[in-house]
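J.: next input, structure requested:
(one chain, ligands or ions: 1)
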Amino acid sequence: MIDKLQRKLARIGLDRFETAAYCADEQEKMIARQERHGLHVSRAVKRCTSRECGREVCVDGCWFASRTHRGETILAGHDLFNDLDLPLLAVSIVRETWVAKPGELALFDHQGAQVWVKRRFAETNATCGIFSIEASLNADLDGRRYWLFGVHGIVAGVTKADIHESLRIPSTEHSRTPVRVDPVNNLARQLGYAQKRFVQERRQYRAENGQLRRKNFPLRSSDQAEHDAWLLGLEAGARAFLFRCRRDGSKLTVIK
Ligand SMILES: [Zn+2]
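T.: Have a look, this model is predicted:
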């Protein structure tokens, strides 16, 4: 069944946003997985449905609450950026220090990382931006496994050169392109990508030409459970953050 949120997202070109039925399925699988791994899921989350959450402000781990929050952010962001009529760029950022050992994902200071990104963008003349932080599990050739955090977002009114100059992140063997800046040619899809709820294991390998590369694989069940436990401990929407704009009801407006 197509609901209101999906209809609105389809109108801006996002016709494959997750359905409420998909979320119901994922929620059920998540709860069973957490219990299998001996991890706690609150009674409130077990009561959540696509129509109503078990408590007023739900958690980011709840598929229904997360879907609503991300969908609404994409819709509001789409309106905001369209109204601004400024050059837009898609940005992806990783830092060598944005890591956590397996088992310590929830200890990572993701709010500190958000503050760092906002401070660096404050050095540019960017009009505004909408970001989200996510984690992936890196498995390196030397046997090292660790969670690596990345920030994705869309920014308005700033040049690629300005972004690189203010972020100043050197490339390393582990991350040859710590800052990626791409043009925005499909705003809805790129906003959707930046706000996604998707996590993978990124396995390192040596390509035929000798370069180190990464290939994506599904997470092990225990890693997935750790990742969901992290999200279940965050308020819905806590991974998303706004720069020089704020929520005004269902709208986003630039802070002048
Ligand atoms: Zn919920």
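J.: okay, CA-based contacts and neighbour counts for the rest of this
T.: Will do.
J.: what is the neighbour count of whichever residue of the chain sits closest to the ion?
T.: Ranking the residues of the chain by distance to the ion (CA to the ion) places Cys53 first, at 4.0 Å. When neighbours are defined as other CA atoms under 10 Å, Cys53 has 18 of them.
J.: check Gln211 too.
T.: 8.
J.: and it, what is it in contact with?
T.: Neighbour list for Gln211: empty [criterion: CA atoms under 8 Å, 6 or more residues apart in numbering].
J.: what about it, distance to Tyr205?
T.: 8 Å (CA to CA, to the nearest Å).
J.: for this protein, what spans make up the strands?
T.: 88-100, 128-139, 145-156, 179-183, 201-206, 212-217, 240-243, 245-248, 251-254 (DSSP state E).
J.: using PDB, list the CA coordinates for the third one.
T.: This file holds the C-alpha atoms of strand 145-156, laid out as PDB (Å, rounded to 0.1, in the frame of the first residue of the first chain):
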ATOM      1  CA  ARG A 145      38.200  -4.600  11.900                       C
ATOM      2  CA  TYR A 146      36.700  -1.300  13.000                       C
ATOM      3  CA  TRP A 147      33.600   1.000  12.600                       C
ATOM      4  CA  LEU A 148      34.300   4.000  10.400                       C
ATOM      5  CA  PHE A 149      32.000   7.000  10.500                       C
ATOM      6  CA  GLY A 150      31.200   9.100   7.500                       C
ATOM      7  CA  VAL A 151      29.100  12.300   7.000                       C
ATOM      8  CA  HIS A 152      27.100  12.800   3.800                       C
ATOM      9  CA  GLY A 153      25.200  15.900   2.900                       C
ATOM     10  CA  ILE A 154      24.100  18.600   0.500                       C
ATOM     11  CA  VAL A 155      25.300  22.100   0.800                       C
ATOM     12  CA  ALA A 156      24.200  25.300  -1.000                       C
END
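J.: near the ion, which residues of this protein show up?
T.: Taking CA under 5 Å from the ion as the measure of proximity, the chain contacts the ion at 48, 53, 58, 62, 65.
J.: show me what the longest helix anywhere in the chain packs onto, helices and strands only.
T.: In terms of residue count, the longest helix belonging to the chain (DSSP state H) is helix 63-84. Contacts defined by 3 or more CA pairs under 8 Å, 6 or more residues apart in numbering; DSSP states H and E place helix 63-84 against helix 4-11, helix 20-36, helix 187-194, strand 251-254.
J.: swap in 7 Å and give it another go.
T.: helix 20-36, helix 187-194, strand 251-254 (3 or more CA pairs under 7 Å, 6 or more residues apart in numbering; DSSP states H and E).
J.: show me the contact partners of it.
T.: Defining contact as CA atoms under 7 Å, 6 or more residues apart in numbering, one finds that helix 63-84 is touched by 5, 9, 23, 27, 49-50, 58-60, 187-188, 191-192, 195, 236-237, 250-253.
J.: if I look at the residue of the chain closest to the ion, how far off is Pro183?
T.: Taking CA to CA, one finds Cys53 at 37 Å from Pro183.
J.: kindly report the same for Ala240.
T.: Taking CA to CA, one finds Ala240 at 21 Å from Pro183.
J.: of those two, who's got more company?
T.: The neighbour comparison of Ala240 against Pro183 (other CA under 10 Å) goes to Ala240, with 21 against 14.
J.: does the more buried one really touch Gly150, like I thought?
T.: No: checked against CA atoms under 7 Å, the pair Ala240 and Gly150 is beyond contact range at 11.9 Å.
J.: and for these two, which residues touch both?
T.: Counting by CA under 7 Å, 6+ apart, the residues touching both Ala240 and Gly150 are Ile133.
J.: the closest residue in space to Arg55 that isn't next to it in sequence: neighbour count?
T.: Spatially, and ignoring its direct neighbours in sequence, Arg55 is nearest to Ala44 (6.0 Å; CA to CA, 6 or more residues apart in numbering). By other CA under 10 Å, the residues close to Ala44 number 14.
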